[in-house]
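Student: Sequence first, then the predicted structure:
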Amino acid sequence: MLEFFALRRPVMAGLVGLVCASGAVAQTDSCGGAGVVTVPALISGTTVGATPDGSDSCVTTCATGPDVWVRFVSPIDQSIVASTCGGATWDTVLSLHTGCPGDGTNQVACNDDNCGQRSTVRANITAGTMYYLRIAGWCGGSGAYSVSLAYQPTVPPPNEGPDVIVGDITNAGRYTPEGAITAYAYGSTSCNIGTEDVNWDQDTPGHPLIAQTMFRLKGGRFEQLGQSWLKHTFGTVDNGICGTCNGHLGQVLGVGCSDPYVASQAGDRNLLGPKWEVNATTGVFPYPFASPPWNGTIARRLQVLTSDIDPAQNAGAQYFVEVQYLTADDAQAGNGLNNASYRALTISGIGATPVLTGAVFRTQPAIDAWKAADPSVTQVNADYTEDGIFARFIVAAKVTDAGGDNWDYEYAVRNLNSHRSGRAFSLAIPTGATTTNIGFRDVAYHSGDGSGSVNFDETDWAPTLAGGRLTWSTQTFDANANANALRWGTMYNFRFRTSVPPTTGAATLALFRPGAAGDPGEVTIAGLPVPTVPGCPADFNNSGPPPTVQDIFDFLAAYFALDLAADFNGVGGLSVQDIFDFLSAYFTGCS
């Protein structure tokens with residue numbers, strides 16, 4: 001039976017450890033002078049020396065204490081959450097108001113003790129309304145704080161069928177390093193937010209698998225540091241951190257129920273199976289699973305290079321852990337795209353166990369943290385169907401002006417659940433452009449995780465620049481089934497510097513495993529920043545001339561979305577003449 005532990009803190013989806021530029025300086029001593037912050041933000045400061053300027057209904061037995069304030073406006077109706085959990089060492093109180101002075105007459109919500117003596121306040125807010133967040137202490141308490149402020153998606157109606165998500169990432173375990181590698185495990189709590197029970201039978205393939213990965217944001221690059229084998233789950237203790245639990249025990253996770261695994265269970269090597277046997281799109285895997293011999297302390301666990309987490313070598317880096325559940329009934333009900341969640345980490349030294357900070361980002365893969373930290377990042381999904389189920393790659397990109405008429409391009413491509421995997425990443429670069437600093441990064445497999453209990457090949461994808469395209473590629477499936485494909489649960493990085501400025505266009509990702517007759521051989525990733533390719537205006541998505549029918553689809557999608565990129569004739573604004581001019585250029589073609 002699973003270990004049971006009390007979870008006193010409700011889990012929220014919100015920003016943790018990610019600092020907006022305004023967040024560190026926006027708080028002020030008075031409600032009327034509150035600085036404006038852009039959500040999401042991490043607001044840091046102190047109430048020491050501040051004066052009382054408001055009140056709330058959460059503290060009525062003693063006098064109000066010093067408080068500070070920030071304000072914000074939401075562009076749409078949605079939910080907001082603010083928390084000092086993990087961000088203060090004293091007894092905080094948070095309240096939300098719609099005016100000044102902030103008091104009970106305009107209070108929207110307040111909270112005193114949520115996670116110990118720290119506070120979490122949640123509210124549904126209205127677009128266009130100014131809201132004031134009051135940060136105070138119980139009975140005159142004061143001190144330094146960090147408040148995470150984030151939008152929280154409104155709870156959607158239950159997905160049809162079984163739907164398992166990661167409701168919390170709860171604790172960390174660290175193991176004795178071997179050589180240059182350190183291993184970890186992370187506890188997690190799953191939730192069933194669907195309308196049917198999730199199978200949890202430990203003696204058949206009818207149970208979930210748990211994958212763990214770590215990431216680092218450093219110097220404007222978001223990279224995967226390591227991955228684990230897959231924890232095979234066993235039995236449930238039905239709690240209710242995500243909803244009202246209908247109270248099953250044992251071989252199913254009931255609707256609205258949650259189930260915890262602590263880090264020591266997640267790192268149990270006897271229950272860790274390889275990833276190579278699993279079809280992540282359908283959730284199908286064999287049982288019993290392959291279990292080649294292992295020894296030592298790091299085998300099968302989440303492995304990272306110690307140098308990648310050494311604070312002395314990674315000044316200013318931010319770290320994140322992601323946990324992803326995979327199970328057949330969930331995937332085949334079409335609910336497999338929301339099974340990953342992430343949480344921020346603090347790593348104080350190579351010999352220290354990581355400390356989980358802030359709150360978990362439910363149903364969000366860790367790649368989302370890059371854009372949350374850096375609004376200049378573009379992120380798009382690239383979906384296709386496989387066995388009638390949606391498979392997804394997530395692509396994030398950033399372009400930086402490197403000076404001297406050069407631009408640095410950085411792409412992170414994450415395979416969320418594609419069994420067919422990725423084999424080549426390609427985009428257009430004008431002939432004659434100066435292109436240097438071409439780079440690639442992948443993530444290592446270990447402990448014999450590959451067909452035949454031999455690790456997948458780790459040969460870097462080779463770049464080629466020819467015919468106006470830059471392409472990174474590995475071997476085909478027919479040439480080497482164990483090639484270094486972009487398999488599910490991994491993220492690869494592609495980067496280069498070129499003398500061409502960015503525009504909005506498309507890249508392509510060729511798929512590794514063959515599909516069925518009529519299935520696509522590649523996925524077009526539209527909406528990315530890519531080098532501008534002159535001379536072919538009808539190549540709307542910049543995938544490289546000649547223009548294709550996809551250019552028509554992308555142009556019309558932009559036009560009807562009122563995207564000014566569809567101002568084809570450049571006269572300002574959009575009109576039907578842009579459509580006529582685009583089609584004329586399309587049928588004229590490009591020389």
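Tutor: Okay, I see it.
Student: Now do the strands in the stretch 101-250 of the chain.
Tutor: Per DSSP state E, counting those that start in this stretch, the stretch 101-250 of the chain carries strands over the ranges 107-111, 120-125, 130-137, 144-152, 164-178, 181-192, 198-199, 209-218, 221-227, 230-232, 236-237, 249-250.
Student: quick one, helices of the stretch 201-350 of the chain?
Tutor: With DSSP state H, counting those that start in this stretch as the criterion, the stretch 201-350 of the chain has helices at 263-266, 306-309, 328-332.
Student: Need the ones you listed in JSON lines (columns: distance to N192).
Tutor: Glycine gets a C-beta too; all of them are placed from N, C-alpha and C. As requested, the helices of the stretch 201-350 of the chain are arranged in JSON lines below (distance: least, C-beta to C-beta, whole Å):
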{"stretch": "helix 263-266", "distance to N192": "19"}
{"stretch": "helix 306-309", "distance to N192": "33"}
{"stretch": "helix 328-332", "distance to N192": "9"}
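Student: Tell me the confidence at the residue nearest to T498 when sequence neighbours are not counted?
Tutor: Computed as C-beta to C-beta, 6 or more residues apart in numbering, the closest residue to T498 that is not its neighbour in sequence is T435, at 4.5 Å. With respect to pLDDT, T435 scores 97.
Student: burial measure for T435, as a count.
Tutor: Around T435 sit 19 other residues, with neighbours defined as other C-beta atoms under 10 Å.
Student: try H248
Tutor: Using other C-beta under 10 Å as the criterion, H248 is surrounded by 17 other residues.
Student: That one and G254 touch, don't they?
Tutor: Yes: proximity of H248 to G254 meets the contact threshold set by C-beta atoms under 8 Å, at 3.7 Å.
Student: shared neighbours of those two, anything?
Tutor: Between them, H248 and G254 share the neighbouring residues 197, 238, with contact defined by C-beta atoms under 8 Å, 6 or more residues apart in numbering.
Student: State the mean pLDDT of stretch 188-205.
Tutor: For stretch 188-205, the mean confidence score works out to 93.
Student: meant to ask about stretch 169-176, not that
Tutor: On average, stretch 169-176 scores 97.
Student: Tell me the buried residues in stretch 426-435?
Tutor: If you call a residue buried by 16 or more other C-beta atoms under 10 Å, then stretch 426-435 has these buried ones: 426-430, 435.
Student: quick check, distance from that stretch to the centre of its chain.
Tutor: 30 Å (C-alpha atoms, centre = their mean, to the nearest Å).
Student: residues of stretch 253-272 that come out buried?
Tutor: Per 16+ other C-beta under 10 Å, stretch 253-272 contains these buried residues: 253-263, 265-269, 271-272.
Student: for the helix or strand of the chain with the lowest mean pLDDT, packing partners?
Tutor: Taking all helices and strands of the chain together, the one with the lowest average confidence (mean pLDDT, DSSP states H and E) is strand 249-250, at a mean of 73. Packed against strand 249-250 by the contact rule (3 or more C-beta pairs under 8 Å, 6 or more residues apart in numbering; DSSP states H and E) you find strand 236-237.
Student: thinking again about what came up before, next step: the buried residues of stretch 426-435 restricted to strands.
Tutor: 426-428, 435 (DSSP state E).
Student: Of those, which is the nearest to Q318?
Tutor: Closest to Q318 out of these is L427 (27.6 Å), distances taken as C-beta to C-beta.
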